[in-house]
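no FASTA, just this:
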Ligand SMILES: [Zn+2]
């Protein structure tokens, strides 16, 4: 059986690389009986998701619009009013 420290190590490792089935099985077993590590995994996953999302947005190329496209958008907004 994993200790909490080992389980936490596997949780953070699982975010970077794929765990072997043996590691996954051990982690799952520990998570099933240990609420603390379950919460830890949940929090870490939520955090990673948020970070990935914001870095994906940061990586988007800056929006470059041609003058023509800008005018078209402006016209569109004006016609909505
Ligand atoms: Zn634990």
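Received it, and whenever you're ready, just let me know what you need. Only a predicted model underlies this, so the values are computations on that prediction, with no experimental measurement involved.

Give me the residue ranges of this structure where confidence is low.
56-63, 80-81 (pLDDT under 70).

how about the helices in it?
Here the chain has its helices, by DSSP state H, at 4-16, 21-33, 35-59, 67-80.

Dump these to CSV, plus distance to the ion and mean neighbour count.
Yep, even glycine has a C-beta here, placed from its N, CA and C like the rest. Formatted as CSV, those follow (distance: least, Cβ to the ion, whole Å; neighbours: other Cβ atoms under 10 Å):
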stretch, distance to the ion, mean neighbour count
helix 4-16, 3, 15
helix 21-33, 6, 14
helix 35-59, 3, 12
helix 67-80, 53, 9
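
Wait, residue 14 touches residue 27, no?
Yes: taking Cβ atoms under 8 Å as the definition, residue 14 is a contact partner of residue 27 at 7.1 Å.

can you pull the contacts of the residue nearest the centre of the chain?
For the chain, the residue nearest the mean C-alpha position is residue 49 (1.4 Å; Cα atoms, centre = their mean). By Cβ atoms under 8 Å, 6 or more residues apart in numbering, residue 49 lies in contact with nothing.

Noted, bye for now.
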